[in-house]
Every structure is written in structure tokens, then in C-alpha cells.
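Okay, here's the prediction I keep looking at, along with the sequence it came from:
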Amino acid sequence: MEKDLWMDFQNLDLGSDQTPKILSSEAKKKGEDNHRFSSVVKALNPHHQNPAGIKLLMPNRINEDETVQFFFRHEHQLLTVLEHGPWNYRDWMVITDRWTRRHQPDYLKTITLWVQIHNIPDESREEGAIREIGDVLGHIEEVFIQQPTREQQGEVWIRVIMDAYGRLIFTRYIYFDEHEEPILIRFTYEKLRRFCTHCGSLQHDVDICDYNPLKIQPGPYDQEEEEVQAPNAEPNMEENQQAHHSLTNKNIMYLVAIQWVASIQTLTYRWSILEMSYSQALLATTAIFFHSVILHQSSISL
Ligand SMILES: [Zn+2]
């Protein structure tokens, strides 16, 4: 009992009023040297990936922020690991970064992937057009274009640094010629493993997804933004209700149009990726569309 009491006394702040001691540059350099060739790995889906499991892969340590740090003897070993990414653990992607980048604003926030772009018309298979198309995914590091030959088809690849907390997209309509119909471009990601098939997130399974395309979702860096105030904050309740109804009536057609576009994208996805027959995909998409509209209308009428 007495022993515990004296142990507790050691939590007193005696000494905190003295001048802070500055660590010598030699000591700091020694610490930097020990970490210089290390990479830091962060799990994207904590439901399926625990740091202790990642730690078992090779000698390393778990940091206070639940990241796992891997140490290498030589820089080329570290570079090889980074170059051969992206990596996954238990079939979900992880973020890998250099420890020396820890003060950069995008540290442990991005994932770099090789992406193949399909359906590019022959005459547009050139770097300028590819970079503009690839911009919809993130920051392009590299472009590889294989022009078609007699032996092989043309291929277009880009290496893209993407927001690891954003949502993947797999298609995008592009107007290559404004006088013609847009062309549906398709993206496939090399080494990509599991993701949410409803919203494209790398952070959760589809069965716990709460993404609603009718609701404006906050971006990864918008989380501290203030909520948008409803129009007409006057104290007159009747006027407020009228304004609310006219606002929702104006917006409903717009929201229905957005939902229709989302449904068409779902249709295209189910049809081509899940190998459903076209009629099955059309039936499923139409059911989802009308269900969403009915839900939306009933929420407005409340
Ligand atoms: Zn989702």
C-alpha cells in the first residue's frame, strides 16, 4: 500500500518549472540516421487490418499513431519496397510512405497506383490528352503509351498519386470531339485489392457503406468546414415553410437527374464488371433508382 503511494508521488510535476533542455544536434542526427531508411505503413481499413498483424511481416515497430515502421539497412532496399507498391494486408490496401516525409502535408494520405486507361481513340493516344484525362484521378507521375503495332494492341498506362481517403472511379465520359457523343473511358488499377463496390472507398466493406449520392459528402480535407446554413433564417415560420417548399420543389428535379446519372453509371458497372446480363442489370438499376426517388420524396414530404 505504502509502496503504491510513493509510486504515485512520482507523478508530481517537480522539475517542470525549469528551463527546457535542448537536445544536441549530434543526438538528433543519430535519431534521424536510425530512421532515415525506414518506411511507415498505415492501415486503411482498421476493421480488417490491425497494426500487430502488419508488424509480424518483418522486424519493425508499432508507433503511437498505430502506424507500423519498417527499417532497412540500405536506401535501395527502401526504394525497392516503395517502387513495387501499392501493398496490401489481408486483401485491403495500406498506405506506405518514407519516414523522412513525415512533415509533408500529404504524408500518409496518398496511394500511388499504375492505372490502365481503356477506350482511348487512336488519334487521341498522345501524352497531352492522356494527362488531361488522368487528372480526374489525381496527380500524374508518369505516362506510358504503347502505340498499336501489327503484333499488339495499343495500351495507355499512367502512374497516379491518388487521395487514399477518396473514392475510386472506374469510368468517366470524355468529349474528345465536342460535336460528337462523349466516349466512356474505363480505368483499371494494377494491384488493387478490395474496395467498397458501392462508393469506391478503400476504407470499408460495401455492407457497412453509408454513402448516399443524393447527399453532398464532405471531402477529405473539408471535415472542419461549417455546416451550410438553410436559407431564410427569419423568425416567421410560415414564410420559412413556403421558402423551404419552393426550394425543395426547384431542387427535386435536379436531384432526381443526379440520381438517374448515378443509376446509369451503376448499370454500366454491373453489366460489364459483374458479368450480369443486360436485362438483369437494367432491372436491378431501375429498382434502385425508383427506390431512391421514393425514399427521397418521402423524406421531403416529412
Ligand atoms: Zn462505400
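Cool, got the structure.

Show me what residue of the stretch 1-150 of the chain gets nearest to the ion.
At 11.0 Å from the ion, Asn45 is the closest residue in the stretch 1-150 of the chain, using C-beta to the ion. Yep, even glycine has a C-beta here, placed from its N, CA and C like the rest.

ok, that residue - contacts?
Going by C-beta atoms under 8 Å, 6 or more residues apart in numbering, Asn45 touches 92-93, 194, 202-205.

tell me the two of those residues that are most distant?
Maximum pairwise distance among the contacts of Asn45 (C-beta to C-beta): 13.3 Å, between Met93 and Asp205.

Of the two, which one has the most company?
Taking neighbours as other C-beta atoms under 10 Å, Met93 and Asp205 compare with Met93 leading, 25 against 16.

Tell me the bridge partners for the more buried one.
With DSSP bridges applied, Met93 shows beta-bridge pairing to Asn88.

Am I right that Asp207 sits in a helix?
Yes. Applying DSSP: H, G, I helix; E, B strand; the rest coil, one finds Asp207 inside a helix.

Roughly how far does it sit from Gly200?
To Gly200, Asp207 is 15 Å away according to C-beta to C-beta, to the nearest Å.

Looking at the two, which has the bigger crowd around it?
Gly200 (14 against 7).

Test my guess that the more buried one contacts Thr171.
No. With contact defined as C-beta atoms under 8 Å, Gly200 and Thr171 do not form a contacting pair (10.9 Å).

in the protein, which spans are helices?
Residue ranges of the helices in the chain, as given by DSSP state H, are 2-9, 25-35, 51-55, 75-83, 127-134, 237-273, 278-301.

Least confident of those helices, on average?
Here the helices of the chain differ in mean pLDDT, and the lowest is helix 237-273 at a mean of 50.

Now for Ile130: which residues touch it?
Residues in contact with Ile130 (C-beta under 8 Å, 6+ apart) are 117, 120, 143, 145, 156, 158.

er, Cys209 actually
Shown in contact with Cys209 (C-beta under 8 Å, 6+ apart): 196, 198-199, 201.

same thing but 6 Å
Cys209 is in contact with 196, 198-199, counting by C-beta atoms under 6 Å, 6 or more residues apart in numbering.

Output those of these also counted as contacts of the ion.
With C-beta under 5 Å from the ion as the criterion, the subset of the contacts of Cys209 in contact with the ion comprises 196, 198-199.

Now the buried members of those.
Neighbour-count burial (16 or more other C-beta atoms under 10 Å) is assigned, among the ones next to the ion among the contacts of Cys209, to 196, 198-199.

Walk me through the domains of the chain.
Per automatic domain parsing, the structural domains of the chain span 34-105, 110-206, 239-301.

quick one: which of those is nearest Lys215?
Among the domains of the chain, domain 239-301 comes nearest to Lys215, with 9.9 Å by C-beta to C-beta.

Near Ile95, how many other residues are there?
Other residues lying near Ile95 total 22 when counted by other C-beta under 10 Å.

From Asp17, how far out is it?
For Ile95, the distance to Asp17 (C-beta to C-beta) stands at 41 Å.

Same check on Glu126?
68 Å.

Please identify which of the two sits among more neighbours.
Per other C-beta under 10 Å, whichever of Glu126 and Asp17 has more neighbours is Glu126, with 13 against 6.

Let me see the contact set for that one.
With C-beta under 6 Å, 6+ apart, Glu126 has no contacts at all.

so Ser38 sits right up against Trp99, yeah?
Yes. The pair Ser38 / Trp99 is scored as a contact, 4.5 Å apart, by C-beta atoms under 6 Å.

More neighbours: the two, which one.
Neighbour totals were compared for Ser38 and Trp99, and Trp99 leads with 20 against 16 (other C-beta under 10 Å).

so which of the contacts of Asn45 comes closest to the ion?
His204 (5.6 Å).

what about the closest one, how many neighbours?
Neighbour tally, His204, other C-beta under 10 Å: 21.

who's in contact with it?
His204 neighbours (C-beta under 6 Å, 6+ apart): Cys196.

Distance of it relative to Thr67?
His204 is 19 Å from Thr67, where distance means C-beta to C-beta.

same question, Gly138
Per C-beta to C-beta, Gly138 is found 22 Å from Thr67.

Also Phe9?
Using C-beta to C-beta, we find Phe9 at a distance of 35 Å from Thr67.

out of these two, which sits in the more crowded spot?
Using other C-beta under 10 Å, the more surrounded residue of Phe9 and Thr67 is Thr67, with 21 against 9.

So that one sits against Val40, correct?
Yes. In this structure, Thr67 is within contact of Val40 by C-beta under 6 Å, at 4.9 Å.
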